[in-house]
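1. any chance you can model this:
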Amino acid sequence: MSLKGLRVIDLTRILAGPFCTQLLADLGAEVIKIEGPRGDPVRQQGAIVNGLSWYFAQFNRNKKSVVLDLYDDNDKSTLSRLLETADVLVENFRPGILSDMGFGPRELERLNPKLIHASVNGYGTVGPYADRPSFDFIAQAMSGFMSVNGSPDGEPQRAAPPLSDLVAGLYCAFGILAALHERGNSGIGQQVETSLTGGLISMLAYLSAEYFATGEIPKRTGNDHPIVSPYGLFRAKDGMIAVAPSTDVYVERFLAALGLEQLLADPRYSANAERLLHRATLSESINNVTCHRSVAHWITAINDAGCPCGRVMNLAEVFEDPQVLAQEMVMDVSHPGHGDVRMTGFPVKLSRTPAGIQRPAPDLGADTEEIIDELDSQSL
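-> Take a look at the predicted model:
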């Protein structure tokens, strides 16, 4: 396991922080999840099967659970002892809360100068919104992300998955690994910070680039690409196909697969700038051809022509798809007392030290006694 021997103290709950620590745990880090007496709220959210939240199970696999009341002096002392043994602390409190508990930057440095302190929050620790609470929906709204999603004549739309949580968690894991690499040279730790809003802003990609270049606020374009045409969903005889001809070469391949290569001689469609202006008539010409053959036909024909094309699949289709199964992106994990839990697999594949399942998501406090006994034995 790539991160074997790394000890992570996890004070996070809900999603962004737990996703970060799950990524580390999947690669072999020892993640000790510190929960209050009531546990992470996600333990009671989503579908509960045989007394277990499958939502919680997916994002807290490979972790240990220790119950500590961080408003209790004895339990605070236990956390201090744990931090002395740790490589990384991850928390997603609002800025200042950890300091109020007695674990500000100076105290953390005193306890363990090598400690990497990673924080996931809503807006960052500097600025007028730093003290505000935030969740994914608010981050999607305030990052500009929501404003560019949805149909041109509709209202702004959020993305269904909690993208800001997932992006912030992913960035946090990335930052932790960067800090650990630097610690190998300096011998000392540092603070790592990511935010829900900042993470999504960084993902605006060509939308922010176009705004910076032109000063024009991007318009919502639904499934059409804002700066490329043709690109989007097209009608087949029995459903929709997604086609992504992102450059002129792919446009040529796409139209040739449809027998419409002659359209490129039309001044309205000869270059991308003109195709954007005449998107509606171009899409109509394409749909007039694609509507006569099946989705399966076009998936094969367009991909064989060298242009990316896919089926719009629901989750049942996704998790039965042969490519998804071949990539082991679905797996069943045994949870003693709760049965098998199906969850998504590991998106990063390492050839020598792959991610794996060492343990299922823990019951609340399942490892408290073991961890405290270990601390006691070390202090003798």
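2. burial count for Ala160?
-> Counted by other Cβ atoms under 10 Å, the residues lying close to Ala160 total 6. The way it works is simple: take the backbone N, C-alpha and C, and place the C-beta from them, glycine included.
3. hmm, I was thinking of Ala47
-> So Ala47, with other Cβ under 10 Å, has 8 neighbours.
4. over to Thr197?
-> Counted by other Cβ under 10 Å, the residues lying close to Thr197 total 24.
5. tell me the SS of the closest residue to Leu258 other than its chain neighbours?
-> Nearest residue to Leu258 in three dimensions, chain neighbours excluded: Val289, at 4.8 Å (Cβ to Cβ, 6 or more residues apart in numbering). Three-state assignment for Val289 (DSSP: H, G, I helix; E, B strand; the rest coil): helix.
6. Val289: what's it in contact with?
-> Leu258, Gly259, Leu260 (Cβ atoms under 8 Å, 6 or more residues apart in numbering).
7. so the residue nearest the centre of the chain is in which element?
-> For the chain, Leu166 is the residue whose C-alpha lies nearest the centre (Cα atoms, centre = their mean; 2.8 Å). Using DSSP states H and E, Leu166 maps to helix 163-186.
8. now do that helix: everything it contacts.
-> By Cβ under 8 Å, 6+ apart, helix 163-186 touches 6, 14-20, 23-24, 87-88, 90, 114, 116, 118, 120, 136, 139-140, 143, 145, 189-190, 192-200, 202-203.
9. how about it: buried residues?
-> 163-173, 175-177, 179-180, 183 (16 or more other Cβ atoms under 10 Å).
10. rewinding a little: how near is the residue nearest to the centre of the chain to Tyr250?
-> 29 Å (Cβ to Cβ, to the nearest Å).
11. now swap in Thr194 and tell me
-> 34 Å.
12. and these two? which has more neighbours close in?
-> A side-by-side neighbour count of Thr194 and Tyr250, using other Cβ under 10 Å, places Thr194 first with 26 against 20.
13. who is the more buried one paired with across the strands?
-> Val120 (DSSP bridges).
14. swap in Asp340?
-> Ser334.
15. among the contacts of Val289, which are located in strands?
-> Counted as lying in strands by DSSP state E, out of those, is not a single one.
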